[in-house]
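>>> just coords:
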């Protein structure tokens with residue numbers, strides 16, 4: 001699974017912006033897959049919304065951490081804006 005690859009990368013390089021941002025993007029994409037095109041969590045079944053919210057929280061944490069690892073966190077900031085209200 002791709003998540004395991006990112007976890008191994010981060011274990012080897014815990015201060016890597018690329019590794020942290022990559023996993024943050026992965027979690028963000030997983031969240032959007034569970035959303036199925038819905039704009040808000042209340043527009044999907046409760047079980048699906050719970051899973052999407054888990055991925056949103058993981059994406060949020062990784063993107064916050066990634067911000068501190070680079071002088072120009074454009075990708076992290078863009079994803080954090082998208083995560084607002086999730």
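That came through fine. Remember, predicted model here, so these are calculated numbers, not experimental data.

>>> looking at the chain, which residue lies furthest from center?
Centroid-distance maximum for the chain: residue 45 at 20.7 Å, with C-alpha atoms, centre = their mean.

>>> Quick check: the gap between residue 66 and residue 26.
Residue 66 is 12 Å from residue 26, where distance means C-beta to C-beta, to the nearest Å. C-betas here are computed from N, CA, C, even on glycine.

>>> of the two, who's got more company?
Ranked by neighbour count (other C-beta atoms under 10 Å), residue 66 and residue 26 place residue 66 first, with 25 against 18.

>>> Kindly list the longest helix within this protein.
In terms of residue count, the longest helix belonging to the chain (DSSP state H) is helix 46-67.

>>> Which elements pack onto that one?
Helix 46-67 sits against helix 17-35, helix 74-83, with contacts defined as 3 or more C-beta pairs under 8 Å, 6 or more residues apart in numbering; DSSP states H and E.

>>> Would you mark the buried spots in stretch 54-64?
Applying a neighbour-count criterion of 16 or more other C-beta atoms under 10 Å, one finds 55-56, 58-60, 62-63 buried in stretch 54-64.

>>> Can you tell me which of these is closest to residue 78?
The closest of the buried residues of stretch 54-64 to residue 78 turns out to be residue 63 (C-beta to C-beta; 9.0 Å).

>>> for this protein, what are the low-confidence residue spans?
By pLDDT under 70, the low-scoring segments of the chain are 37-41, 86.

>>> what sits against the residue positioned nearest the centre of it?
Residue closest to the average C-alpha location in the chain (C-alpha atoms, centre = their mean): residue 59, at 2.1 Å. By C-beta atoms under 8 Å, 6 or more residues apart in numbering, the contact set of residue 59 is 24-25, 27-28, 31, 79, 83.

>>> for the closest residue to it other than its chain neighbours, what are its contacts?
The spatially closest residue to residue 59, leaving aside those adjacent along the chain, is residue 27, at 3.8 Å (C-beta to C-beta, 6 or more residues apart in numbering). Taking C-beta under 8 Å, 6+ apart, we find residue 27 in contact with 55-56, 58-59, 62.
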